[in-house]
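# Build the 3D model from these lines:
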Amino acid sequence: MDVGALLTQIDALAPFALAEDWDNVGLLVGRRDREVTRVLVALDLRAAVLDEAVATGAQVVLVHHPPIYPALSAVSDARTAGRLVLRAAEERIAVIAAHTNLDSATGGLNDLMALDLGMTATAPLVPLASDPSVGLGRVGEVAPTTLGRLSAQAVAAFSPRQANLAMAGDPDMPVRRVAICTGSGGSLIQAARDAGADAYVTGDLRYHDFDAAEGMGLVNLPHAAVEAHALRQWAPRLADALADHGVEVAPSSVDTDPWFAAC
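Numbering: from 1, shown residues only. The predicted model follows:
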């Protein structure tokens, strides 16, 4: 299998056409005719991830966060992003990004997050006009719980080693309908309210998002922890799709999250 054929397989699982207009997905570094026998799946392109790709013989790094976003003015050793892209090219390691397309796709990161929270009857929080079965975020039902118990469940599932989790709202408030979004989902608070969610679980929430929530409970999770967890769960799906082509898939062992508990 070459990189071009690999792109076709990834597109079948997470169609690149689902990516948001502002996103940068697909083949970002490398040649389509490069032969592939091993793919490393990582949240970010970092020097340690490239070290791991070289050490394990991976010809492709599939990242969630595109390293060229929105653009690079130069590919040189002057800045970190340029150095990473330059090194990938020099090492002949192709870099493919699957970002908002993987978030929106059926069986993608939002669906996997919903499963970990025990959600049922889920639907996209912001469905695509052309295909309402896919889209950003998810909303669905959970067994009757409270905001405090939902927060504890989210911590146990996604960030048991991290302290940068916050909850806004009455811990005892009843929760039955939950909205979620992997990564940074503050812009979808109104969509969560419109969907009738009792609570919204996402990352990178800000101080005044509590006011915008208008009484809806908020659970603010570490951005990277949720996505890295979901990526590890999704990697076997890619592995199954590529097994007959003799291509191995492995999730990266590198923790690229720059945030950690201060004490």
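
# ok, now which ones touch Ala213?
Ala168, Gly169, Ile189, Ala192, Arg193, Tyr200 (C-beta atoms under 8 Å, 6 or more residues apart in numbering). Yep, even glycine has a C-beta here, placed from its N, CA and C like the rest.

# Apply 10 Å and report the result again.
Counting by C-beta atoms under 10 Å, 6 or more residues apart in numbering, Ala213 touches Ala168, Gly169, Ile189, Gln190, Ala192, Arg193, Ala197, Ala199, Tyr200, Leu205.

# Please report how far the residue lying closest to Ser184 once chain neighbours are set aside lies from Gly183.
In space, and not counting its chain neighbours, Ser184 is closest to Asp204: 3.8 Å by C-beta to C-beta, 6 or more residues apart in numbering. The gap separating Asp204 from Gly183 is 7 Å, by C-beta to C-beta, to the nearest Å.

# ok, now Asp21?
For Asp21 relative to Gly183 (C-beta to C-beta), the value is 17 Å.

# which one of those two has more residues nearby?
Between Asp21 and Gly183, counted using other C-beta atoms under 10 Å, the more crowded position is Gly183 (22 against 5).

# Sheet partners, orientation included, of the host helix or strand of the more buried one?
Here Gly183, judged by DSSP states H and E, is contained in strand 174-184. In the sheet, strand 174-184 lines up against strand 135-146 (antiparallel), strand 199-203 (parallel) (DSSP bridges).

# Okay, strands next: where are they in the stretch 101-250 of the chain?
For the stretch 101-250 of the chain, strands defined by DSSP state E, counting those that start in this stretch occupy the ranges 120-127, 135-146, 166-168, 174-184, 199-203, 217-221, 248-251.

# can you redo those strands as JSON lines with mean pLDDT?
Conversion of those to JSON lines gives the following (pLDDT from 0 to 100):
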{"stretch": "strand 120-127", "mean pLDDT": "98"}
{"stretch": "strand 135-146", "mean pLDDT": "98"}
{"stretch": "strand 166-168", "mean pLDDT": "91"}
{"stretch": "strand 174-184", "mean pLDDT": "97"}
{"stretch": "strand 199-203", "mean pLDDT": "97"}
{"stretch": "strand 217-221", "mean pLDDT": "96"}
{"stretch": "strand 248-251", "mean pLDDT": "98"}
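
# So which of those is the most surrounded?
strand 199-203 (a mean of 28; mean count of other C-beta atoms under 10 Å).

# what's the angle between that strand and strand 120-127?
Here the directions of strand 199-203 and strand 120-127 differ by 60 degrees (axes from the mean of the first three to the mean of the last three C-alpha atoms, to 10 degrees).

# Can you give me every residue that contacts the residue nearest to Ser184?
Cys181, Gly183, Ser184, Gly185, Gly186, Ser187, Asn220, Leu221, Pro222, His223.
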